[in-house]
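[1] Take this sequence and fold it.
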Amino acid sequence: MARLNILNLNSGLRTHEGAAARHISTELQLRRSVLACLLWENQFYEDGVEIAGRIAELVPQVAAEKVAALAVEAREQMKLRHAPLLLVREMARHKTHRAPVSETLARLIQRADELAEFIAIYWKDGRVPLSGQVKKGLAAAFPKFDEYQLAKYDRGGPIKLRDVLFLCHAKPRDEAQAAVWKNLISGTLTTPDTWEVALSSGASKREAWERLLREQKLSALALLRNLRNMREAGVDESLVLSALGTMSSARVLPFRFLVAARHAPQWEEVLEGAMFKCLATQPKLAGKTVLVVDVSGSMQGRLARNSELDRIDTAAGLAILVREICEDVVVYATAGNDRTRMHATEQVPSRKGLALADAIRKSASQLGGGGIFLVQGMDYIVQREKRADRIIVFTDEQDCDLKLNPAQANASGQHNYLVNVASFKNGIGYGKWTHIDGWSESVIEYIRALEQTKWVN
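    Numbers count the residues shown, from 1 in each chain. As a prediction, the model looks like this:
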């Protein structure tokens, strides 16, 4: 019979794997729940409903202006769509939080379909009247969108854009916009020339793709997501390469390129060029950087039920960017053995671009797939790297060490960062570490800005 009375795991906060976690303020709890959250998608240890419920519970405990600022940060810097809308919906429930709702909602809605998505979130628990601040926010957001955008996102869901227009009583800017809205109401908007429409028209897929490429009708994300379809349709390679060479990658998360390269490995070099283009003018982070990537089993959990991506992909994408903008970089991967509670850490070959992601993925298959052991892993790394200007750890924070407190991990760099890429309730890495939540390239921008501020001060 197994012995259970060995270690009291109820003594204080714990990670899902049993290691000691840090108590943090409600504001920081809300940040860690939001900034790496794909709303209502299950994660390795928690399901999406649990995470959404925690967000709803925390919102009234955090000052309204801080919740509003977090929603804007999540949308504009971390490029999340649904989690920011949930924050505003929860703000609208509480009298203490309603004042900034209209302004925040109008700012968050950046695509026409988000008008209806917000109503769907608002009515998720039952249809109720919209608050005055919500109506004002929707009415302020509606005039942002022209006929093309409204037609593109006027989809056949239960809540249509015309429904939102009736609910919020938006006022058109001029007669031309009033005419567009009249067509929206009557269902006579001009059919948009999108790739979805073009491919569903019955025309040759190859011809449809080639026309869209020549006319530059594909967004960067649509281009990346459809490379396999273009290859299978026999699209002229020169058109694809030209599109990849001129695409704007400013709003594309790094790991999207990893998936695109898996489906179209023959275009990997061009994909790398597109991914790095936005970094060409960025200043380097001076000095030596030690980059540590958590490749534990939980990091291999999918981001979403239909996604090909996992959290190692997000960490690898950020690692590629850090590798490019730092002067001197050493990369380690770390995991361990859950049975023996011992870490397994190794240096990753000093590669660049997508080859670095491949090396990190290879390490994940070699290091046991157990959880991260931050104290043990950092002791191993610091013994080999005597000095560092900065240490950056990418992890979901679910430390497995039942004996050594992660708070005691060796943070020996001049600057020490722990980047959390999951939304789990309890985590590690506060105190001696500068804690950052999220997985977009804004993480790197934050590090640069923070170090510049410290240098100036």
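
[2] quick one, domains of this structure?
    Split into domains by automatic domain parsing, the chain comes to 26-186, 205-277, 285-456.

[3] how distant is the longest one from the center of its chain?
    The one in question is domain 285-456. The chain centre lies 16 Å from the centre of domain 285-456; the measure is Cα atoms, centre = their mean, to the nearest Å.

[4] list the buried ones in the longest strand along the chain?
    Assignment by DSSP state E gives strand 326-337 as the longest strand of the chain. Across strand 326-337, burial judged by 16 or more other Cβ atoms under 10 Å covers 326, 329-337. Quick note: C-beta positions are derived from backbone N, CA and C, even for glycine.

[5] Name the residues of the following helix or strand past it that are buried.
    Sequence order places strand 342-348 as the next helix or strand after strand 326-337, per DSSP states H and E. Of all the residues in strand 342-348, those buried under the rule 16+ other Cβ under 10 Å are 343-345, 347-348.

[6] Likewise for stretch 408-415?
    Buried-residue list, stretch 408-415, by 16+ other Cβ under 10 Å: 409-413, 415.

[7] what's the closest of those residues to residue 229?
    Closest to residue 229 out of the buried residues of stretch 408-415 is residue 415 (43.3 Å), distances taken as Cβ to Cβ.

[8] Tell me the bridge partners for the closest one.
    Per DSSP bridges, residues listed as beta-bridge partners of residue 415: residue 390.

[9] Residue 451 is in contact with that one, correct?
    Yes: under the criterion of Cβ atoms under 8 Å, residue 415 makes contact with residue 451 at 6.0 Å.

[10] Tell me the one of the buried residues of strand 342-348 nearest residue 14?
    residue 343 (18.5 Å).

[11] tell me the contacts of the closest one?
    Counting by Cβ atoms under 8 Å, 6 or more residues apart in numbering, residue 343 touches 334-336, 372-373, 376-377, 380.

[12] Go again with 7 Å.
    Residue 343 sits next to 334, 336, 373, 376-377, 380 when contact means Cβ atoms under 7 Å, 6 or more residues apart in numbering.

[13] Any idea which helix or strand in this structure has the lowest mean pLDDT?
    Lowest on mean pLDDT, DSSP states H and E among the helices and strands of the chain sits helix 442-456, with a mean of 72.

[14] Sort out which residues of that one are buried, please.
    So for helix 442-456, counting by 16+ other Cβ under 10 Å, buried means 442-444, 446-447, 451.

[15] what does stretch 88-101 give?
    Those would be 88-92, 97-98, 100-101, for stretch 88-101 by 16+ other Cβ under 10 Å.

[16] Those in helices, which ones?
    Mapping the buried residues of stretch 88-101 onto helices (DSSP state H) picks out 88-92, 101.

[17] Centre of the chain to stretch 52-62, how far?
    Here stretch 52-62 shows a centroid-to-chain-centroid distance of 20 Å under the convention Cα atoms, centre = their mean.

[18] Tell me, how many residues neighbour the closest residue to residue 135 other than its chain neighbours?
    Excluding the flanking residues, the one nearest residue 135 by Cβ to Cβ, 6 or more residues apart in numbering is residue 168, at 4.7 Å. Residue 168 is flanked by 20 other residues according to other Cβ atoms under 10 Å.

[19] Let me know the pLDDT of residue 168.
    For residue 168, the model assigns a pLDDT of 96.

[20] Would you quantify the distance from it to residue 161?
    For residue 168, the distance to residue 161 equals 11 Å [Cβ to Cβ, to the nearest Å].

[21] now residue 419
    37 Å.

[22] For stretch 135-153, list every residue counted as buried.
    By neighbour count with 16+ other Cβ under 10 Å, stretch 135-153 contains the buried residues 135-142, 145, 147-148, 150-153.

[23] Find the nearest non-adjacent residue to residue 169, please.
    Per Cβ to Cβ, 6+ apart, closest to residue 169 is residue 139, 6.3 Å.

[24] Name the helix or strand for the one you found, please.
    Residue 139 belongs to helix 132-141 when elements are defined using DSSP H and E.

[25] ok now the next helix or strand after that helix, how far from the chain's centre?
    Counting by DSSP H and E, the next helix or strand C-terminal to helix 132-141 is helix 147-152. Centroid displacement of helix 147-152 relative to its chain, using Cα atoms, centre = their mean, is 26 Å.

[26] who touches helix 147-152?
    Against helix 147-152 from outside (Cβ under 7 Å, 6+ apart): 112, 161, 180, 184, 189-192, 194.

[27] pLDDT of that helix, averaged?
    Helix 147-152 carries an average pLDDT of 92.

[28] All set now, cheers.
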